[in-house]
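Peer 1: what follows is a predicted structure for the sequence shown.
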Amino acid sequence: MAVDIATADVYFSEYVLHNDAWINADNDSKQRALNNAANILSRHYRRHQSIPDEAVFEQAIWLLKISEARKQAEQGVTSYSIDGISVSLSNIDRTIAPQVISIMGRRVYPSESGRQGYIVRG
């Protein structure tokens, strides 16, 4: 899979309303986001058919939008408090962007029989 910045730029400018994270990123960050998104999705959906460019683009912008709080949650932080303000973080895996799940389906982990599949919206 080889997605490029120019194709992603067209996608984000024509099809994505809240595209500031992509538009404001420099080309090096955009390329790293695309590469990282492609790697994450190929690992996550390794038994799936080919991954559409749209899924890679949505994962890339998701990576650019990740907040510090979400990064902390991925590292196992469940809550923190600063000057009397407490924040509790959900322990839900947010590795895959919600838009990607709507495109690709949710991966179903192996059952006891060893079968693995995907729940795909039809």
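Peer 2: Ah, there it is.
Peer 1: check which helix or strand covers the residue nearest to D4 when sequence neighbours are not counted.
Peer 2: Excluding the flanking residues, the one nearest D4 by CB to CB, 6 or more residues apart in numbering is L34, at 7.7 Å. Heads up, the C-betas are built off the backbone N, CA and C, glycines and all. Assigned by DSSP states H and E, L34 belongs to helix 27-44.
Peer 1: contacts for that helix next, please.
Peer 2: 1, 3-5, 8, 22, 25, 51, 55-57, 59-64, 95-96, 100, 104, 107 (CB atoms under 8 Å, 6 or more residues apart in numbering).
Peer 1: what are the buried residues along it?
Peer 2: With burial defined by 16 or more other CB atoms under 10 Å, the residues of helix 27-44 counted as buried are K30, Q31, A33, L34, A37, A38, I40, L41.
Peer 1: could I get the average pLDDT for it?
Peer 2: In this model, helix 27-44 has a mean pLDDT of 95.
Peer 1: go on, stretch 13-21?
Peer 2: 95.
Peer 1: need the distance between the two termini of that stretch.
Peer 2: Using CA to CA, to the nearest Å, one end of stretch 13-21 lies 12 Å from the other.
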